[in-house]
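**Q** here is a sequence together with a model predicted from it:
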Amino acid sequence: MRRLRRVYFDGEISPVIELDENQSRKLKTVLRAEQGDIVEVLTKEYLAEGEIYIAGKKGVQVRILEKRPVCAPDYKFTVYQCIAKREYMDFIIEKYSELGVTDIIPVISTRSLDSLKSSAYERYVQIAKEAAMQCEREVVAEIHPVQKLERIKPAADENILFHERQGVKSMPEITSRNISMIIGPEGGFTDKEYNYLLNAGFKAYTPIDTILKAETAAVLFAGMIRLAL
């Protein structure tokens, strides 16, 4: 398919689809699309190409011309992310999505925020979708329900814990296509949490000798793993 304006559609592909208010606004005001223009429509299962059929005040309808299954990544990259303040967490979710993380699990730890409102969760989902549109990913990162740290049971082939002091002084050698990593909160993990995570199956690494902010560590280490994959 050609590179076209792209929007996300939550429903099933039919001969004519009607976009929701947010995606209609994006097409008309941000992407400057008009009736008759050709656009891409991404769903959970398909990437479609269609013609804007109606672009009225209330919404946009698209007549589907062709579709194909999305190209799923040949790896699974799960990130357990301790919940940060809104502006930092929004940034982290966006960058994870751009970098190709497949699964994002918000985590409550001793030094993280202690809850996740449903409105925040829905915002994360929307951020992941918008980031996928921006970088032309065909599979949106899945935002999972929040977990408490002490209940994490990592199931990837390689489970990586990046720690500022106590890990192996190198970057892990990635040999699997099924990876998970955990990024701690501002202030780091407690000793009890660190020991729990090691016993749960994570291996600790300290690739650099400086203390990073949580949002910086999230982007740096996700990017390093993504390159390795």
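**A** Ah, there it is.
**Q** from here on, just use CA atoms for contacts and neighbour counts.
**A** OK.
**Q** list of residues touching stretch 103-123?
**A** Identification of contacts with stretch 103-123 by CA atoms under 8 Å, 6 or more residues apart in numbering yields 76-85, 93, 141-149, 185-190.
**Q** please repeat the previous calculation with a cut-off of 7 Å.
**A** Residues from elsewhere that reach stretch 103-123, judged by CA atoms under 7 Å, 6 or more residues apart in numbering: 77-84, 141-149, 185-187.
**Q** just the buried subset of those, please.
**A** Buried subset of the contacts of stretch 103-123 (neighbour count, 16 or more other CA atoms under 10 Å): 77-84, 141-143, 146-147, 149, 185-186.
**Q** how about the lowest-mean-pLDDT helix or strand in the chain: buried residues?
**A** None of the helices or strands of the chain scores lower by mean pLDDT, DSSP states H and E than helix 21-25, at a mean of 83. Across helix 21-25, burial judged by 16+ other CA under 10 Å covers Q23, S24, R25.
**Q** tell me the one among these nearest to G59.
**A** Of all the buried residues of helix 21-25, G59 sits closest to S24, with 5.4 Å by CA to CA.
**Q** what pLDDT is listed against A204?
**A** Note for A204: predicted pLDDT of 93.
**Q** is there a neighbour count for it? I'd like the number.
**A** 25 (other CA atoms under 10 Å).
**Q** and it, what does it touch?
**A** I160, L161, F162, H163, G167, V168.
**Q** how near is the nearest residue to the fifth one once chain neighbours are set aside to E130?
**A** Counting by CA to CA, 6 or more residues apart in numbering, the nearest residue to G167 once its immediate chain neighbours are dropped is Y205, at 3.9 Å. From Y205 across to E130, the span is 32 Å (CA to CA, to the nearest Å).
**Q** which stretches in this protein count as strands?
**A** 5-8, 16-18, 38-42, 46-55, 60-69, 76-82, 103-108, 142-143, 147-148, 158-162, 178-183, 203-205 (DSSP state E).
**Q** so what are the sheet partners of the fifth one and their directions?
**A** Strands that pair with strand 60-69, judged by DSSP bridges, come out as strand 16-18 (antiparallel), strand 46-55 (antiparallel).
**Q** pull the distance from the first one to the chain's centre.
**A** This means strand 16-18. Here the centre of strand 16-18 is set off from its chain's centre by 26 Å, with CA atoms, centre = their mean, to the nearest Å.
**Q** what's in contact with that strand?
**A** Under CA under 7 Å, 6+ apart, the answer for strand 16-18 is V60, Q61, V62, R63, I64.
**Q** the closest residue to the second one other than its chain neighbours: how many residues sit nearby?
**A** Here the nearest residue to Q61 in space, its sequence neighbours aside, is E18; by CA to CA, 6+ apart that works out to 4.3 Å. With neighbours defined by other CA under 10 Å, the count for E18 comes to 18.
**Q** would you mind measuring from E18 to S119?
**A** Using CA to CA, E18 is found at 24 Å from S119.
**Q** thinking again about what came up before, adding distance to V7, write the contacts of strand 16-18 out as CSV.
**A** Shown next, in CSV, are these (distance: CA to CA, whole Å):
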residue, distance to V7
V60, 11
Q61, 12
V62, 11
R63, 14
I64, 13
